[in-house]
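Q: The sequence and its predicted three-dimensional model are supplied below.
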Amino acid sequence: MKTIGVLFGMENSFPGALVEHINARNIEGIEAEFVETGAVIMNKPPRYAVIVDRISHDIPFYRAFLKHAALNGTLIINNPFWWSADDKFFNYTLAQKLGVAVPPTVILPHKKHPEGTTDRSMRNLEYPLDWDAVFAYVGEHGFMKPVNGGGWRDVHHIHDREEFFRAYDQSRDLCMMYQKAVDFQEYFRCYVVGQKKVHIMPYDPRRPHHERYVQNPPAYDKKLLDRVEKDALKLCQALGYDLNTVEFAVEDSIPYAIDFMNPAPDADLHSVGQTNFEWIVREVADLAIAKAKTAPQHLDLKWSAFLNPAPAAKLSAPPEKKAPEKKTAAKKPEAATAKKAASPKSAKAPVPASAATTAGKA
């Protein structure tokens with residue numbers, strides 16, 4: 001028996017629906033369940049053929065567990081090695097190399113010293129920082145957001161330099177990016193599954209969270225949708241993600257890739273709506289089943305294999321065999337209990353602590 005495990009946190013609707021959908025298919029030799037693990041013993045391989053990962057980005061223990069599983073042949077959705085190494089600024093740079101449109105973006109030194117460092121740790125940073133060059137490249141209307149982040153945490157909408165420095169002063173020791181704002185006419189969030197299938201969802205990030213998925217969208221230009229689909233696939237194939245959401249803001253018919261490091265994307269029924277929910281449950285189930293039929297597989301752990309992946313190969317598998325009807329149902333997941341800088345021209349403008357240095361230090 002090959003087991004598909006779902007590793008999750010506080011979300012309730014998607015994990016249970018995924019497990020129930022897979023088991024309802026009654027595929028001989030394949031079953032799904034919620035992952036259960038305690039202390040991980042190094043020389044004992046996990047019993048899962050496939051694990052769908054929804055939470056390891058928040059819990060280092062789970063991330064280490066998944067890497068151990070991958071080394072022992074378990075197929076992980078998504079690859080925990082690549083996900084561990086990724087960050088949003090790298091993604092933007094990669095997108096630009098691939099010919100996908102992205103807004104001008106810069107990364108900024110930490111406003112405060114990361115824990116365990118001092119100004120002596122930062123002696124390679126230029127001082128004072130050339131803020132004029134930053135604004136000349138990005139402009140004064142943009143968004144400041146963490147290089148590693150999600151859920152719109154610590155995201156600031158910037159309209160001028162005063163707002164920029166106010167947001168920067170609040171960024172603590174986070175590494176932040178500053179990105180030019182796109183004056184979008186359309187906005188899309190796209191599910192991408194298996195590096196082959198794309199589900200384009202009209203989306204409006206200006207609305208309250210529970211209203212962002214547009215339920216009655218207007219008609220869109222087919223050429224625009226074709227480019228959105230093509231660019232979404234291009235990004236996920238290059239990044240090696242089997243499950244992702246890619247967001248595009250469209251200005252003057254150009255779709256700019258805004259956010260595409262979402263390997264545990266929102267799939268909550270009450271957030272995405274019934275139609276989108278049914279699509280993502282079905283497609284992730286298909287992907288997990290196809291991978292289970294080919295398991296175990298061992299990753300090529302060379303870095304070049306992550307950066308230059310071959311085109312996504314079709315997962316071939318024999319026809320599904322129906323087993324006798326089973327009446328088992330997945331347990332419903334319970335709610336988790338848990339587990340100044342001023343104007344750059346001012347001689348007195350404060351600088352980020354990490355960029356500060358003292359004359360005479362070598």
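A: Done, it's in.

Q: show me where this structure has helices.
A: 13-24, 60-71, 80-85, 88-98, 131-138, 161-169, 222-239, 269-272, 274-294, 303-307 (DSSP state H).

Q: most neighbours per residue, which of those helices?
A: Highest mean neighbour count among the helices of the chain (mean count of other C-beta atoms under 10 Å): helix 13-24, with a mean of 21. (Glycine included, C-beta is placed from N, CA and C.)

Q: Let me know the average pLDDT across that helix.
A: Per-residue pLDDT over helix 13-24 has a mean of 98.

Q: What residues does His210 make contact with?
A: 270-271 (C-beta atoms under 8 Å, 6 or more residues apart in numbering).

Q: Could you check how far it is from Pro218?
A: According to C-beta to C-beta, to the nearest Å, His210 and Pro218 sit 21 Å apart.

Q: measure Thr105 to Leu225 for me?
A: Distance from Thr105 to Leu225, by C-beta to C-beta: 25 Å.

Q: same thing with Tyr241?
A: Relative to Leu225, Tyr241 is positioned 21 Å away (C-beta to C-beta).

Q: Could you do Ile41 as well?
A: According to C-beta to C-beta, Ile41 stands 49 Å off from Leu225.

Q: got it, and Ile51?
A: 33 Å.

Q: and what of Tyr256?
A: Distance, Tyr256 to Leu225, using C-beta to C-beta: 15 Å.

Q: now swap in Tyr168 and tell me
A: From Tyr168 to Leu225 the distance is 37 Å (C-beta to C-beta).

Q: go on, Ala85?
A: As judged by C-beta to C-beta, Ala85 and Leu225 stand 32 Å apart.

Q: where does the protein have low pLDDT?
A: 151, 301-362 (pLDDT under 70).

Q: For it, which segments count as strands?
A: Secondary structure of the chain by DSSP state E: the strands cover 2-7, 30-34, 48-53, 75-77, 105-108, 142-146, 156-158, 176-180, 186-193, 197-202, 243-251, 254-259.

Q: now, of those strands, which is deepest in the fold?
A: Mean neighbours per residue, mean count of other C-beta under 10 Å, is largest over the strands of the chain for strand 48-53, with a mean of 27.

Q: so Gln195 touches Tyr241, yeah?
A: Yes - if you go by C-beta atoms under 8 Å, Gln195 and Tyr241 touch, sitting 7.3 Å apart.

Q: picking that back up, looking at the helices of the chain, which is closest to Pro114?
A: Among these, helix 161-169 comes nearest to Pro114, with 15.6 Å by C-beta to C-beta.

Q: Next up, the contacts around Tyr256.
A: Each residue near Tyr256 by C-beta under 8 Å, 6+ apart is listed here: 101-103, 182, 184, 248-250.

Q: switch the cut-off to 10 Å
A: For Tyr256, the contact set (C-beta atoms under 10 Å, 6 or more residues apart in numbering) comprises 95, 100-103, 179-180, 182, 184, 187, 231, 247-250.

Q: is it in a bridge, and if so with what?
A: Beta-bridge partners for Tyr256, by DSSP bridges, are Ala249.

Q: Asn124 versus that one, what's the distance?
A: Per C-beta to C-beta, Tyr256 is found 32 Å from Asn124.

Q: And for Pro103, nearest residue in space, chain neighbours not counted?
A: Closest residue in space to Pro103, ignoring its immediate chain neighbours: Lys180 at 4.1 Å, by C-beta to C-beta, 6 or more residues apart in numbering.

Q: doesn't Met144 make contact with that neighbour?
A: No - Lys180 lies out of contact with Met144 (C-beta atoms under 10 Å); the separation is 11.4 Å.

Q: what do those two both touch?
A: Common neighbours of Lys180 and Met144, counting by C-beta under 10 Å, 6+ apart, are Ile158.
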